[in-house]
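Chemist: okay, sequence plus prediction incoming.
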Amino acid sequence: MKTLAMLAMVVCLGRVRAADAVVTGSIFGPGSESFPIAVVPLKNVGGDADGSLGTRFARVLSRDLDLSGYFRLLDPKTFIEDPQTSGTTAADIDFVGWATIGAQALVKGTVNAAGDAVTIEVRLFDVPGRHDVPPASRRFTGGRADLARMAHKTADGMLEFLTGERGPFDSAIALVSTRGGRLKEVYRFTFDMDDPVKLSDERSLVVTPRWRADGRAILFTSYREHVPRLFQLDLGTRQVTRLVGGPGLVLDGAWSPDGSKLLVSRDEGGNSDVYLFDAGGQMLRRLTDHWAIDVSPVWAPDGRRLAFCSARTGSPQVYVMNVDGTGLTRVSHTGSYNTSPAWSPKGDRIAYATRASGGFQIVVTTLDGSSEQTITSAGSNENPSWAPDGRYLVFSSTRAGQHHLFLADRDGKTQKQLTRGAADDTSPAWSPRLE
């Protein structure tokens, strides 16, 4: 029977390790291993008499673990212990009983609430090994509003224990949605939400939201002035400011990793090119100067290169080049129409959308274009954006009818639906890790 320690050894190229050692290195990805786990609602040790806090924590954590692709969540109806009367330490747990329902890992813990303050203690247990796993256990203190983030941090820590890489779930996704009616607005989604929350009130057409590197503001293009202009929404104050003035139409933009510069695609005289601006909206230099369209610029994580879409060969393709305008290289070779590049935060891959069979599919490629993999097939899939850990992507897909957000790992083995409903959810942008 496989224990957590054995699974971690698989992750670590078979290196022998103590059961409580920190795992480093990974050779398998989401979808390769479905590890049976039971996530039990937290035991009330004060202030949670109705069990709502403990139940919500377990629900959010379970969703994160399911989305990760590494775990198979066991049905709570099969659980063999009452969370409110059973123990939460290894000495008090019926490991034999949990093993009989197929659990190889178990999550239990306690919640203590007093007014708005909440303290959570949560432990991961190795069922076959009959012990807890201290590196993956957590203790949090915060407000009731922080409960969901405590669950996200727990999921991220469990992934870090098993794979050596922190998980991506303590983060957010910006998107464009028609949930408020016919017009498109900027919304925000976190992994504990059933529905995204509206952020902007442009009452117009809004496209291409992009996060600032500190996660405290979102760029977007709005047609509030009947032509495309670039704006920034401060998440703390909800203040919206225009960033780039002057002539021309600003189609989209992207903050540099250090927040000091902007890449902007601007249309002057019917032709769009990529420009570099400082944080104050002053143009530093023109990066492309070609008769064909150059749009959708995105930064490399090192801040020294960019990827963008250009039709200079006759149809849209994805290119990379240095920020000084040198070293232009085409990286897309799947199909004849490729757009919407997204550079992995690890720096080793670029994702983009390729037109195929009347729709679009998501492709992940190495930087030299030598290894391309199409990771979607059902429906039309567009606008990929990387998770902060570089293992997952979010994108918009029609496979469930309307445009909804889906998550996939970078090899396409795990594919999970994130949003639902009658509205269209498009143009997702995954945030940096939350502070």
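Modeler: Happy to help now that I have it. Residues are numbered from 1 along each chain as shown.

Chemist: most centrally placed residue in this protein?
Modeler: Compute the mean C-alpha point of the chain, and by CA atoms, centre = their mean the closest residue is residue 387, 3.5 Å away.

Chemist: what sits against it?
Modeler: Residues touching residue 387, when contacts are defined by CB atoms under 8 Å, 6 or more residues apart in numbering, comprise 168, 171, 345, 393-394, 430. For glycine as for every other residue, the C-beta is placed from the backbone atoms N, C-alpha and C.

Chemist: redo these as a markdown table? Include pLDDT and neighbour count.
Modeler: Formatted as a markdown table, these follow (pLDDT from 0 to 100; neighbours: other CB atoms under 10 Å):
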| residue | pLDDT | neighbour count |
| --- | --- | --- |
| 168 | 97 | 27 |
| 171 | 98 | 20 |
| 345 | 97 | 20 |
| 393 | 98 | 27 |
| 394 | 98 | 25 |
| 430 | 98 | 24 |
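
Chemist: from the residues you listed, which ones fall inside strands?
Modeler: Among the contacts of residue 387, the ones falling in strands (DSSP state E) are 393-394, 430.

Chemist: pick the one among those residues closest to residue 144.
Modeler: Closest approach between the ones in strands among the contacts of residue 387 and residue 144, by CB to CB: residue 430, at 26.3 Å.

Chemist: walk me through the domains of this structure.
Modeler: As given by automatic domain parsing, the domain ranges for the chain are 4-162, 173-430.

Chemist: just give me the lowest mean pLDDT stretch among those domains.
Modeler: When mean pLDDT is averaged over each of these, domain 4-162 scores lowest at a mean of 86.

Chemist: that one: how far from the chain's middle?
Modeler: Its chain's C-alpha centre lies 21 Å from the corresponding centre of domain 4-162 when counted by CA atoms, centre = their mean, to the nearest Å.

Chemist: one more: stretch 396-406?
Modeler: Counting by CA atoms, centre = their mean, stretch 396-406 is centred 16 Å from the centre of its parent chain.

Chemist: check stretch 365-376 too.
Modeler: Here stretch 365-376 shows a centroid-to-chain-centroid distance of 20 Å under the convention CA atoms, centre = their mean.

Chemist: only the C-alpha atoms, please, for that stretch, written as CSV.
Modeler: What follows is stretch 365-376, C-alpha atoms only, in CSV (Å, rounded to 0.1, in the frame of the first residue of the first chain):
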residue,chain,number,x,y,z
THR,A,365,5.7,25.4,-26.6
THR,A,366,9.3,25.7,-25.6
LEU,A,367,10.9,29.1,-26.3
ASP,A,368,12.6,27.9,-29.5
GLY,A,369,9.4,26.4,-30.8
SER,A,370,11.0,22.9,-31.0
SER,A,371,8.5,21.2,-28.7
GLU,A,372,4.8,22.2,-29.2
GLN,A,373,1.9,20.4,-27.5
THR,A,374,-1.8,21.1,-28.0
ILE,A,375,-3.3,20.6,-24.6
THR,A,376,-7.1,21.1,-25.4
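
Chemist: mind listing what's buried in it?
Modeler: Buried positions in stretch 365-376, judged by neighbour count with 16 or more other CB atoms under 10 Å: 365, 367, 369, 372, 374-376.

Chemist: one step back: what's the closest of the contacts of residue 387 to residue 275?
Modeler: Using CB to CB, residue 345 is the member of the contacts of residue 387 that lies nearest residue 275, at 23.9 Å.

Chemist: circling back to that earlier point, now do the residue nearest to the centre of the chain against residue 431, distance only.
Modeler: Look at residue 387 and residue 431: by CB to CB, to the nearest Å, they are 9 Å apart.

Chemist: which neighbours do these two have in common?
Modeler: Listed as contacting both residue 387 and residue 431 by CB under 8 Å, 6+ apart are residue 171.

Chemist: quick check: residue 405 touching residue 418?
Modeler: Yes - Residue 405 is within contact range of residue 418, at 4.2 Å (criterion: CB atoms under 8 Å).

Chemist: who's more crowded, these two?
Modeler: Higher neighbour count among residue 405 and residue 418: residue 405, with 24 against 21, using other CB atoms under 10 Å.

Chemist: any idea which helix or strand comes after the strand or helix carrying that one?
Modeler: In this structure, residue 405 is located in strand 404-409 according to DSSP states H and E. Moving toward the C-terminus from strand 404-409, the next helix or strand (DSSP H and E) is strand 415-417.

Chemist: show me how far that next one is from its chain's centre.
Modeler: In terms of CA atoms, centre = their mean, the centre of strand 415-417 is set 12 Å apart from its chain centre.

Chemist: give me the contacts around it.
Modeler: Strand 415-417 is touched from outside by 66-67, 69, 376, 400, 404-408, with contacts defined as CB under 8 Å, 6+ apart.

Chemist: repeat the analysis, applying 10 Å as the threshold.
Modeler: The set of residues that contact strand 415-417 without belonging to it, under CB atoms under 10 Å, 6 or more residues apart in numbering, is 30-31, 63, 66-69, 375-378, 381, 392, 394, 397, 399-400, 404-409.

Chemist: just the buried residues of those residues.
Modeler: For the contacts of strand 415-417, a burial check counting by 16+ other CB under 10 Å picks out 30-31, 63, 66-69, 375-376, 381, 392, 394, 397, 399, 404-409.

Chemist: could I get the buried residues of stretch 365-376 as CSV with secondary structure and distance to residue 97?
Modeler: Converted to CSV, those look like this (DSSP: H, G, I helix; E, B strand; the rest coil; distance: CB to CB, whole Å):
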residue, secondary structure, distance to residue 97
365, strand, 48
367, coil, 51
369, coil, 53
372, strand, 49
374, strand, 45
375, coil, 40
376, coil, 41
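
Chemist: now for these: which two are most distant?
Modeler: Longest distance between any two of those is 20.8 Å, between 367 and 376; criterion CB to CB.

Chemist: related to what we said a few turns ago, hey, what's in contact with both of residue 405 and residue 418?
Modeler: Here residue 405 and residue 418 have 173, 175, 189, 196, 394-395, 397, 425, 428 as joint contacts, going by CB under 10 Å, 6+ apart.

Chemist: let me know the closest of those residues to residue 105.
Modeler: Taking CB to CB as the measure, residue 105 sits nearest to residue 394 out of the shared contacts of residue 405 and residue 418, at 26.3 Å.

Chemist: so who does the nearest residue to the closest one once chain neighbours are set aside touch?
Modeler: By the measure of CB to CB, 6 or more residues apart in numbering, the closest residue to residue 394 outside its immediate chain neighbours is residue 428, 4.5 Å from it. Applying CB under 10 Å, 6+ apart to residue 428 gives the contacts 173-177, 187, 189, 196, 209, 382-385, 393-396, 405-407, 418-419.

Chemist: buried residues, stretch 232-247. List them.
Modeler: Of the residues in stretch 232-247, those buried by neighbour count under the rule 16+ other CB under 10 Å are 232-233, 235, 240, 243-244.
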